[in-house]
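1. sharing a model prediction with you, sequence too.
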Amino acid sequence: MKNITILCLLIIIFSSCKSDKKDSVKESETSALTESKEYPLVVNKIDSTQFPASIKYEGFIKNAVRWKDKSGENIVITSETGIYRNEKLKHEFEDSIDAELYAYHFILSNNEATQTWRVKDFIADCPVDITASFVKNTFKITDLNKNGIAEVWLMYKTVCHGDVSPSNMKIIMYEGNSKYAMRGENKVQVGSDVNDKASFIGGEFKLDANFKNGPKVFKEYAQNLWKENLMEKWDN
């Protein structure tokens, strides 16, 4: 009888250990699935009629998009004022003009928008040709490193000049609240030498520390975007 009792206890203990091991395996598998879960990036274009009332912006909308990622519901808006005279600014020249551009990022909660970052750049008090505008077809939302947090890519030019010379050009990228920047000039043809070989100026750029030290895929994307839009396009 005593032997039977001991045998029963051993069976119960063995079953319990097996069950615990099975639960542990299930928990490990669930954890692995959670860590490797992909967040498919679906970006939808929207317009001002779809903005929460709490969203405020300046200028005329160039792009407005909405998507969901690991950080929540996102809205990004880019806008430009175009060329005008901002009477709030002090002007040295009677006929000088101004131009600004903006980008805004919002996180939504219960259809209330909280601004997490803003980009503003501008040219002010310019008496000659002026540009402050986003480069066409360069605004992108990506998830290049597949971590479930989207990257927002902005590329734009600013310049005040009365000759054929390069424009200041920048790529600003945000991943969440982390900002990456690439700054330099675009490239323009300024003539030809005695052998009819085209002569150019501009085209240089510098990467900030985040691009230099961040994921390689970010730096490669930025450099390719710069290369694709390096040359001045006078109809841009």
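-> Looks like it arrived, so ask away.

2. ok now do the most centrally placed residue in the chain, which residues does it touch?
-> Ranked by distance to the mean C-alpha position of the chain (CA atoms, centre = their mean), the top residue is V152 at 1.6 Å. Applying CB atoms under 8 Å, 6 or more residues apart in numbering, we find V152 in contact with V76, A103, H105, K140, I141, M173, Y174, E175. From N, CA and C alone the C-beta is placed, and that goes for glycine too.

3. show me the longest strand that occurs in this structure.
-> Longest strand in the chain by number of residues, with DSSP state E as the criterion: strand 112-126.

4. tell me the mean pLDDT over it?
-> Computed over strand 112-126, the mean pLDDT rounds to 97.

5. going forward can the numbers begin at 105, since that is how I track them
-> Sounds good: first residue 105 from here, last item strand 216-230.

6. what's the local residue count around the nearest residue to T218 once chain neighbours are set aside?
-> If the residues on either side of it in the chain are set aside, T218 comes closest to I211, at 5.2 Å by CB to CB, 6 or more residues apart in numbering. Each residue near I211 was counted by other CB atoms under 10 Å, and the total is 15.

7. ok, now A302?
-> 9.

8. go on, E191?
-> Neighbour count for E191, taken as other CB under 10 Å: 8.

9. what distance do you get for it to A168?
-> 27 Å (CB to CB, to the nearest Å).

10. can you check D229 too?
-> 30 Å.

11. which one's more surrounded, those two?
-> In terms of neighbours (other CB under 10 Å), A168 is the more surrounded of D229 and A168; the figures are 20 against 16.

12. tell me the contacts of the more buried one?
-> K149, I150, D151, S152, F155, I179, V180, I181, T182.

13. related to what we said a few turns ago, any idea whether the residue nearest to T218 is helix, strand or coil?
-> Classification of I211 by DSSP: H, G, I helix; E, B strand; the rest coil places it in strand.

14. return the members of the contacts of A168 classed as buried.
-> Buried members of these, scored by 16 or more other CB atoms under 10 Å, are I150, F155, I179, V180, I181, T182.

15. quick one: which of those is nearest A313?
-> Set against A313, the nearest of the buried ones among the contacts of A168 by CB to CB is V180 (23.8 Å).

16. what angle separates the helix or strand hosting that closest one from strand 216-230?
-> Using DSSP states H and E, the element containing V180 is strand 176-184. With axes from the mean of the first three to the mean of the last three CA atoms, to 10 degrees applied, the angle from strand 176-184 to strand 216-230 works out at 20 degrees.

17. partners of R170 in the sheet?
-> With DSSP bridges as the criterion, the beta-bridge partners of R170 are N148, I179.

18. that one touches L145, doesn't it?
-> No - the pair R170 / L145 is not scored as a contact, 11.8 Å apart, by CB atoms under 8 Å.

19. between these two, which is the more surrounded one?
-> The neighbour count for R170 versus L145, taken as other CB under 10 Å, is higher for R170 (19 against 16).

20. tell me the spacing between the more buried one and N214.
-> Separation of R170 from N214 (CB to CB): 15 Å.

21. could you do N328 as well?
-> Look at N328 and N214: by CB to CB, they are 39 Å apart.

22. please identify which of these two sits among more neighbours.
-> Taking other CB under 10 Å, N328 and N214 do not tie; N328 has more neighbours (10 against 6).

23. that's a strand at that one, yeah?
-> No - applying three-state DSSP, one finds N328 to be helix, outside a strand.
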